[in-house]
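J.: missing the sequence, but the structure's below:
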């Protein structure tokens, strides 16, 4: 089974966010695999092993530092890594999905997705990234490749050219069966991602690692120009100190209603 896992590198969730001129400062910041993508990597490894063989390739778009996240996935047990590194690629979900689609054999559903000339059976990714939280890349990519897409998966098994998935549906469970190839995004609870072992870390250094540019993908800068622009970014206002309302219950209720109407602007 040939499996491709989409990986994004994000800020460590424990990092303190610092804004400089409306941009998140990366100075001294620690980066990790997007936590939801860890579930996808683990699921890819489990599915490969359950199938009795195959290959798990982790694929990402980003700057050179993303190689660290891909090496972590290799240390977990993935077989190969591909990084699309080109500063001409826009940083919105449209541009990223176009670059990924090109790496996976093009767009428009013209045949099954491929990577390195080999057909891809399963594509996996995180349900969303903890930095932007848009959850758009996977569904855009599935549309570009013309394959089914199942989001927020909490259980997944594949055999005989089809897959059965259970997905989180706002507190309920929905069962979906789709033909392969298909793209699935992982929700918390799908599995328990393993920690890279020391032997795994050593082996990761020798596993195949390819770096691609727009020229390798046959794309021009216009093809991956962003369709959206961030016009502003700001931290939420500091939490104000609590206030005690004086008077009897009726007076307190009247004052609370006034504050909600005149200051909080929620009434």
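T.: Done, it's in. Just so it is clear, the structure is predicted and the values come from calculations on it, not from any experiment. Residues are numbered from 1 along each chain as shown.
J.: which one is residue 61 nearest to, not counting chain neighbours?
T.: Nearest residue to residue 61, sequence neighbours excluded (Cβ to Cβ, 6 or more residues apart in numbering): residue 84, at 4.5 Å. To be clear about C-beta, it is placed using only N, CA and C from the backbone, and glycine gets the same treatment.
J.: one more: residue 88?
T.: residue 221 (4.4 Å).
J.: measure the residue nearest to residue 61 to residue 93 for me?
T.: Distance, residue 84 to residue 93, using Cβ to Cβ, to the nearest Å: 14 Å.
J.: of these two, who's got more company?
T.: Higher neighbour count among residue 84 and residue 93: residue 84, with 24 against 21, using other Cβ atoms under 10 Å.
J.: strands along the stretch 101-250 of the chain, start to end?
T.: 114-115, 118-119, 122-126, 149-159, 162-169, 172-179, 182-186, 209-212 (DSSP state E, counting those that start in this stretch).
J.: need those strands in CSV with distance to residue 141, mean neighbour count and mean pLDDT, can you?
T.: Listed next are the strands of the stretch 101-250 of the chain as CSV, based on distance: least, Cβ to Cβ, whole Å; neighbours: other Cβ atoms under 10 Å; pLDDT from 0 to 100:
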stretch, distance to residue 141, mean neighbour count, mean pLDDT
strand 114-115, 13, 18, 92
strand 118-119, 16, 12, 92
strand 122-126, 7, 28, 97
strand 149-159, 8, 19, 95
strand 162-169, 17, 18, 94
strand 172-179, 15, 12, 95
strand 182-186, 7, 27, 97
strand 209-212, 16, 15, 97
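J.: in JSON lines, list the ones you listed along with distance to residue 60.
T.: Formatted as JSON lines, those follow (distance: least, Cβ to Cβ, whole Å):
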{"stretch": "strand 114-115", "distance to residue 60": "13"}
{"stretch": "strand 118-119", "distance to residue 60": "18"}
{"stretch": "strand 122-126", "distance to residue 60": "10"}
{"stretch": "strand 149-159", "distance to residue 60": "19"}
{"stretch": "strand 162-169", "distance to residue 60": "23"}
{"stretch": "strand 172-179", "distance to residue 60": "24"}
{"stretch": "strand 182-186", "distance to residue 60": "15"}
{"stretch": "strand 209-212", "distance to residue 60": "10"}
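J.: of all the ones you listed, which one comes closest to residue 50?
T.: Evaluated with Cβ to Cβ, the strands of the stretch 101-250 of the chain place strand 149-159 nearest to residue 50, the distance being 7.7 Å.
J.: which secondary structure elements does the closest one contact?
T.: If contacts are counted by 3 or more Cβ pairs under 8 Å, 6 or more residues apart in numbering; DSSP states H and E, strand 149-159 sits against helix 35-50, helix 137-145, strand 162-169, strand 172-179, strand 182-186.
J.: end-to-end on stretch 132-150?
T.: Criterion Cα to Cα, to the nearest Å; first-to-last residue distance in stretch 132-150 is 20 Å.
J.: again with stretch 186-195
T.: 18 Å.
J.: in it, what counts as buried?
T.: 186, 187, 190, 191, 193 (16 or more other Cβ atoms under 10 Å).
J.: residues in contact with that stretch: which ones?
T.: 36-43, 45-46, 76-77, 124-127, 152-156, 167-168 (Cβ atoms under 8 Å, 6 or more residues apart in numbering).
J.: repeat that for stretch 242-254.
T.: With Cβ under 8 Å, 6+ apart, stretch 242-254 has contacts from 255, 256, 259.
J.: now do it, average pLDDT.
T.: When pLDDT is averaged over stretch 242-254, the result is 91.
J.: what's the first-to-last distance across that stretch?
T.: OK, stretch 242-254 end separation, Cα to Cα: 17 Å.
J.: just the buried residues of it, please?
T.: Buried residues in stretch 242-254 (16+ other Cβ under 10 Å): none.
J.: what residue ranges in this protein score low on pLDDT?
T.: Residues of the chain that meet the criterion pLDDT under 70 lie in 106-111.
J.: and if we set it to 50?
T.: Applying pLDDT under 50 to the chain flags the ranges 108-110.
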